[in-house]
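> when you get a sec, could you give me coordinates for this:
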Amino acid sequence: QVQLVESGGGLVQPGGSLRLSCAASGIFFSIVAMRWHRQAPGKQRELVAAITSDGSTNYADSVKGRFTISRDNAKNTVYLQMNSLKSEDTAVYYCNAAIRRPSLNDYWGQGTQVTVSS
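Purely as a prediction, here's the structure:
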C-alpha cells in the first residue's frame, strides 16, 4: 500500500510564510509526478503546483511568484514553500502523487489546513 503524509499546515498572518511537506511511503517503482491541490470552503478543489520526476514545474496563476514546489527524490518527498500568504490562500491543502507500482495510479494525502488570518 502507498501512503502520502502531509505536514506543515497551520495559522499564519497575511504576508507570512509556511512550508508544507508530503512524504510518500510504501512499495512502488517510481513517482512520476507530485502535486499540491487546495480546497477552500464552498469552492472546488484546484491544482496549485506540480513537479515531475525530472524537475519540471507548473503553477496556478494565483500563486506564481509566491509559491515554490520542490522535491527530494531520495526521500520521496515534495515540498511547497508558500511566501507572501494572503487570506485567499486559506484552504485545506492536499498532496497528490502519480506513482508507478508498476501500474500508474493516483494517490492522495489526508490534507492539511492552512489558515491565513490576522
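> so what does the spatially most central residue of the chain have for phi and psi?
Most central in the chain under C-alpha atoms, centre = their mean is Trp36, positioned 2.8 Å from the mean C-alpha point. Dihedral pair for Trp36: phi -120, psi 130, per degrees, to the nearest 10.
> now it: how far from Val114?
Going from Trp36 to Val114 by C-beta to C-beta, to the nearest Å gives 10 Å. In short, each C-beta sits where N, CA and C put it, glycine included.
> cool, and Asn83?
Going from Asn83 to Val114 by C-beta to C-beta gives 13 Å.
> neighbour count: the two, which is higher?
Ranked by neighbour count (other C-beta atoms under 10 Å), Asn83 and Val114 place Val114 first, with 22 against 14.
> leaving out chain neighbours, which residue sits closest to that one?
Nearest residue to Val114, sequence neighbours excluded (C-beta to C-beta, 6 or more residues apart in numbering): Gly9, at 4.9 Å.
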